[in-house]
Structures are given as structure tokens and as C-alpha cells.
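*Asks:* coords please:
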Amino acid sequence: MKAWLFIQTIIFESLSFYLVFNHEMTPVMWLSFFSTHAIACGSFSGLVWLLLPRKYKFPIISAISFLFLFNFFLPLVGMIGTACSLLIGLYLPRKQNQVTWQECEKSPLPQSPGEVLNTQFGTGALREILIHDSDPDRRLLAVGAIRHLPRQHAVPLLQLALKDLSDDVRLLAYASLESIETQINELISLFKKQLKHNMQASKAFEIAQQYWELCYLGIAEGILKKHYLEQAEHYLKLSNKIEISASNNLLLGRVMLEQKRSQEAIYYLSSALDGGLLVKQVAPYLAEAAYLSGDYKKTKNYISYFPDRKGEQLSQIKEYWS
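*Replies:* Predicted coordinates:
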């Protein structure tokens, strides 16, 4: 079959060119040329289709139509080009690389704050080193790099390092956490002295913020966390007695939420909203308070104010509730 198609292609294509170069081209001769050329193209298209790999043969009509039209509108040149492409593709395929990975040298861990921010070692990479790297020295270096991260990123990683099998890693992580807690407690002590000499709402608010940070970062747990939340509540209410502000009420609402006092949280968060804060600033906390209270209608209403940016947690919550 293939041999017959090949011979038929040569005969009819040769005949078509013989008609062009050896006869005066009248309308009848042109018709004869196109007829013989079309038969040659049809034979050649059938031959090529038989030689094609199976995945290129279907759909049949599209494959054969493309081959026929390509060769028909490029007399002889199209056939030569198709034949060369087919032969090269079938018998000289591009070699596939069997290596699916590339070994690279271990990059040194950063030792200063600027280096942490400007390299590939973000929180995710440092966490993977703490969990999966078998070299204790490298895990120790990772803890040293974590110390230069912002507190909200550093504390969870340092708490993870407290579970490390290496004593050196655990001790450095503990010392780093203690250093953060000490810095915050020193600020609290300083602000309390300033508040004692000058009763200002801003000073009371700063003290409450530091207590809240101890809880928010996850440094304090259990009874100590409860004590810090009570202290934050005390100083925020003291700040409100001196001067009521939307920021005070917002933080106070968050403190109430952390204590699972949803009704009081709604009151203070609503006051923050009435005090001039944007709805999108307060909506996440109001939605949480309404959910804890069992008011799902209000929860859905507040969730509608969440941002639409893809990938963010609030956007995912909004999509789930919509």
C-alpha cells in the first residue's frame, strides 16, 4: 500500500510538471495540471498519514486535509518539505534529557537582618530547614537567621525550634524567645513609669498594646496569657476614661474576642466603627464576634466587606460564605 502510494505520487507529480514545462498552457492544460497535481497530493497525503505516529493521525479529516492543502498550494516544494520533516522527526528525534533534577551547592544561611530579607531564605525555607535538615549546625544557623525576622514571623519558628533534638538549637531558640519577651516587658515597665508621671491616654494604650503583643505573638499561654489579656483590658479601659478613641475600642474588641466575650466585643467594635474606622478594618472582627454569638446572618453581612484579592485568607473565607 505504501509503495503503491509512493509510486503513484511520483508518476502523477512528474506528469503534472511535464504538462507545465512541455506544453502550451491553455485552460484545458491548466485543468489537466491541477487534476494530476491533486491526485499526486492525495496519494502523498495518504502515504504521510500512514507513516505518522498514532497521536497525530486523529482527527482523520483534519490531519489529511492539512497535509493535502499544504502540498497542493506548494507544488513539489511542499512534498519535499513534508518528506524531510517527517524523516527527521521519525528517525532523528530530539534526545530527551533523562536527568530530572540538578544538584546545586548549599547556600550559606544569612547572618544579618538585611541578608534575610534579600535572599531566598524566607519563613518557609527556614521552617523547612528546621523540620527536615539533618545537620544540627545548619539548623542552628537557621535559628540565628530567624532571630532577625520580624517578631510575628520569628516567634512561631522559634517555638518550633524548641522541639528540636539538638540541645544547642533548643537553647538558642529559648534564649531568642526570652529576649523578645524581655524587650516587651522592658517597654511595659518604661511606659508604666511614664504613665505614672503623666496620665495620658496614649501611654495607657501603648501599655495595652505591649500586653496584647505578648498574647498575639503566642509567647504567653495558659494562666499567664489570661493575666496579660486582663491587663490589656484594664489599660485600654483606662485609656478610654481619659480619652475615647476608635483605636482603643478596636483593640479592646479584639481582646474581648480572645477572651471569648463576643457580646462585649461587638459593643466595642461597633463603637470603633462609629468612631471613624473604615468598615473593612473592623469587619473581620465583627464577623468573628457575630459568628461566636450564633448570628450567622450578620456574619455573612460583615464577610461581604472582606477584600477580593486572590490568595488571601479573608478572600477565601468570603468565597466560602458567598
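*Asks:* Quick check: which helices or strands does the helix ranked longest in the chain pack against?
*Replies:* In the chain, assigned by DSSP state H, the helix with the most residues is helix 167-197. Judged by 3 or more Cβ pairs under 8 Å, 6 or more residues apart in numbering; DSSP states H and E, the packing partners of helix 167-197 are helix 136-146, helix 151-161, helix 201-216. Every C-beta, even on glycine, is put in place using the N, C-alpha and C of the backbone.
*Asks:* relative to helix 151-161, how tilted is it?
*Replies:* Helix 167-197 runs at 140 degrees relative to helix 151-161, counting by axes from the mean of the first three to the mean of the last three Cα atoms, to 10 degrees.
*Asks:* tell me which residues in helix 167-197 are buried?
*Replies:* Buried positions in helix 167-197, judged by neighbour count with 16 or more other Cβ atoms under 10 Å: 169, 172-173, 176-177, 180, 184, 188, 191, 195.
*Asks:* for residue 24, phi and psi?
*Replies:* Torsion angles at residue 24 (phi, psi; degrees, to the nearest 10) stand at phi -70, psi 130.
*Asks:* do the one 5 residues further on as well
*Replies:* The main-chain torsion angles of residue 29 are listed as degrees, to the nearest 10 and equal phi -70, psi -40.
*Asks:* Which residues are in contact with residue 253?
*Replies:* Taking Cβ atoms under 8 Å, 6 or more residues apart in numbering as the criterion, residue 253 is in contact with 265-269, 272, 282, 285, 289.
*Asks:* mind listing the helices for the stretch 201-322 of the chain?
*Replies:* Using DSSP state H, counting those that start in this stretch, the helices of the stretch 201-322 of the chain run over 201-216, 222-242, 246-258, 262-274, 279-293, 296-303, 313-321.
*Asks:* For the ones you listed, give me a markdown table that also has distance to residue 35.
*Replies:* Shown next, in a markdown table, are the helices of the stretch 201-322 of the chain (distance: least, Cβ to Cβ, whole Å):
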| stretch | distance to residue 35 |
| --- | --- |
| helix 201-216 | 85 |
| helix 222-242 | 92 |
| helix 246-258 | 86 |
| helix 262-274 | 84 |
| helix 279-293 | 74 |
| helix 296-303 | 72 |
| helix 313-321 | 63 |
